[in-house]
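**Q** Give me the fold of what follows.
(4 chains)
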2 protein chains.
Amino acid sequence: MCGKGDTLGTTRPLRADAERSVRSILEAAERVLSVNPGASMEQIAEAAGVARTTVHRRFANRQALVEAMTADVVRQLDEVMDAGRPETAPPLVALHEITANVLRVKIGWPFAMGLVFTGADSPAAEGKRRVDDRCLLLLRRARADGLIDASADLDWVRRVFYALIGEAVHGPDSDLEPDALAQRVVDTLLHGASPRG
Amino acid sequence: MCGKGDTLGTTRPLRADAERSVRSILEAAERVLSVNPGASMEQIAEAAGVARTTVHRRFANRQALVEAMTADVVRQLDEVMDAGRPETAPPLVALHEITANVLRVKIGWPFAMGLVFTGADSPAAEGKRRVDDRCLLLLRRARADGLIDASADLDWVRRVFYALIGEAVHGPDSDLEPDALAQRVVDTLLHGASPRG
DNA sequence: CATAACTGCAACAGTGATGTTCCATTTAGT
DNA sequence: ACTAAATGGAACATCACTGTTGCAGTTATG
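**A** Numbers count the residues shown, from 1 in each chain, chains lettered A, B, ... in the order given. Predicted coordinates for the structure are as follows:
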């Protein structure tokens, strides 16, 4: 949790108020950019309640700011994956848990999440790969348990999983509790729209 | 198929070569903007093989150009829906047919399709609503036939359908034949990843 | 409290996109 | 072949965003 020090080599500890500024800017950038990805630094600064120069003080340029956002989101995703215990917990439990928590992240950081999962971003790419791997591992375990068809293309299943998560936060249901949304996502992932027994 | 005349009130028929320019620009814009949504008019002009001034002659501004693209895509979607006969053909047949054809459109016009289905675009909104309605009608027929669970939220199913189409054109499978992709999409929509009997 | 860090504000130069105009040349239509 | 339309190219003004600097005032921290 430090500002310009991340981007440049020098890592001098920030003062408490500067740290608060960094948080404000990151959160404001998320709010603004999720509505208008082409918004100016000034709009972000205004939304953060700071001067434009302060934004430039903390982040060398737009790219640095965006990278800080994606890095933050990737960190949250790592935590979420840890909490879900995808390699030890029962697959269905882990699937629910992880889905709900990822949804929580995605609801708060839709713009940064979109970048991580669509953009060919260099710094976030390795983090995404890590998440992808653990997700695939979980799906493999689910397949071994008979939850997923033995001949299924797990890469396709994973991408469908991501797409469903992305879709769940849209529309009129985004204000539902993440657990309810996760229920719907996992259910759709495993059974589609088919009639239930 | 006319250029600036669409946007403004005057509708004077374009000469043949001007018509060709309009097409070149629209297709070039799709190519360029699908890679970089923030590309300049000059990059689009270059990709179209025309001068920048020609682009401005045919489209008053960026917005007019983008709206022409979305309008074109919506027109294609309308044709696709007609061809699929969603209100008369057997639901499963129509679902396959429409999916395959929409995929064909989406592969060629990913940027414009993205705008139509995510952006709150005014001119394209009514066209999208028309497509949405016919899609919902088809899903209702599929549900009546027992292909879809009786208690399913068809609005959610429709959004999942769109998301699956969007996902099918990504990744390493985008070069597959649209029919094979459609097979996968419809199968996943109806049955998810569950084991098959 | 004394210092160092942080902030807001104003000003500045640089950049790149935009939109327009004019004109010489080429091209389509009839 | 004649006319009207279309094009390329250059030039121009405008504008918004960017990134930087300097300074005076405020705030955290030891």
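**Q** quick one: residue A:156 and residue B:187 touch, right?
**A** No. Under the criterion of CB atoms under 8 Å, residue A:156 is not in contact with residue B:187, lying 10.4 Å apart. For glycine as for every other residue, the C-beta is placed from the backbone atoms N, C-alpha and C.
**Q** The two: who's more crowded?
**A** For residue A:156 versus residue B:187, neighbours defined as other CB atoms under 10 Å in any protein chain shown are more numerous around residue A:156 (18 against 15).
**Q** From DNA strand D, how far off is that one?
**A** 38 Å (CB to the nearest atom of the strand, to the nearest Å).
**Q** Can you give me the pLDDT of that residue?
**A** With respect to pLDDT, residue A:156 has a value of 98.
**Q** again with residue A:4
**A** We have a pLDDT of 44 for residue A:4.
**Q** swap in the one 3 residues further on?
**A** Per-residue confidence (pLDDT) for residue A:7: 46.
**Q** cool, and residue A:121?
**A** 79.
**Q** Test my guess that it contacts residue A:115.
**A** Yes. Counting by CB under 8 Å, residue A:121 does reach residue A:115; the two are 6.0 Å apart.
**Q** joint contacts of the two?
**A** Here residue A:121 and residue A:115 have residue A:70 as joint contacts, going by CB atoms under 8 Å, 6 or more residues apart in numbering or on different chains.
**Q** before we move on, which element is residue A:151 in?
**A** Taking DSSP states H and E as the definition, residue A:151 sits outside all helices and strands.
**Q** Can you tell me, leaving aside adjacent residues, what's nearest to residue A:107?
**A** residue A:169 (5.4 Å; CB to CB, 6 or more residues apart in numbering or on different chains).
**Q** Relative to residue B:102, how far out is that neighbour?
**A** Separation of residue A:169 from residue B:102 (CB to CB, to the nearest Å) stands at 23 Å.
**Q** neighbour-wise, which of those two wins?
**A** Comparing residue A:169 with residue B:102 by other CB under 10 Å, the one with more neighbours is residue B:102, at 26 against 20.
**Q** Show the contacting residues for that one.
**A** Contact partners of residue B:102, counting by CB under 8 Å, 6+ apart, are B:77, B:80, B:165.
**Q** Is whichever helix or strand the first one is part of positioned near chain A?
**A** Assigned by DSSP H and E, residue B:77 belongs to helix B:62-84. No. Helix B:62-84 is not in contact with chain A by CB under 8 Å from any CB of the partner chain; minimum separation 11.2 Å.
**Q** and the next element down the chain from that helix?
**A** Beyond helix B:62-84 on the C-terminal side, the first helix or strand identified by DSSP H and E is helix B:91-108.
**Q** What residues of that following helix count as buried?
**A** Residues of helix B:91-108 classed as buried by neighbour count (16 or more other CB atoms under 10 Å in any protein chain shown): B:91, B:94-106, B:108.
**Q** Pull that helix out as PDB, backbone CA atoms only.
**A** Extracted C-alpha coordinates of helix B:91-108, given in PDB (Å, rounded to 0.1, in the frame of the first residue of the first chain):
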ATOM      1  CA  PRO B  91     -36.700 -24.100 -30.800                       C
ATOM      2  CA  LEU B  92     -33.600 -26.200 -30.800                       C
ATOM      3  CA  VAL B  93     -33.200 -25.800 -34.600                       C
ATOM      4  CA  ALA B  94     -33.700 -22.000 -34.400                       C
ATOM      5  CA  LEU B  95     -31.400 -21.800 -31.400                       C
ATOM      6  CA  HIS B  96     -28.600 -23.400 -33.300                       C
ATOM      7  CA  GLU B  97     -29.200 -21.500 -36.500                       C
ATOM      8  CA  ILE B  98     -29.400 -18.100 -34.800                       C
ATOM      9  CA  THR B  99     -26.400 -18.800 -32.600                       C
ATOM     10  CA  ALA B 100     -24.200 -19.800 -35.600                       C
ATOM     11  CA  ASN B 101     -25.300 -16.700 -37.500                       C
ATOM     12  CA  VAL B 102     -24.800 -14.300 -34.700                       C
ATOM     13  CA  LEU B 103     -21.400 -15.800 -34.100                       C
ATOM     14  CA  ARG B 104     -20.600 -15.000 -37.800                       C
ATOM     15  CA  VAL B 105     -21.600 -11.400 -37.200                       C
ATOM     16  CA  LYS B 106     -19.700 -11.200 -34.000                       C
ATOM     17  CA  ILE B 107     -16.500 -12.600 -35.400                       C
ATOM     18  CA  GLY B 108     -16.500  -9.900 -38.100                       C
END
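**Q** residues from chain A in reach of chain B?
**A** Among all residues of chain A, those adjacent to chain B (criterion: CB under 8 Å from any CB) are A:37-38, A:146-150, A:152, A:155-157, A:159-160, A:162-164, A:166-167, A:170-171, A:173, A:184, A:188-196.
**Q** Drop anything exposed from these.
**A** When the residues of chain A next to chain B are checked for burial by 16+ other CB under 10 Å, the buried set is A:147-149, A:152, A:156-157, A:159-160, A:162-164, A:166-167, A:173, A:184, A:188-194.
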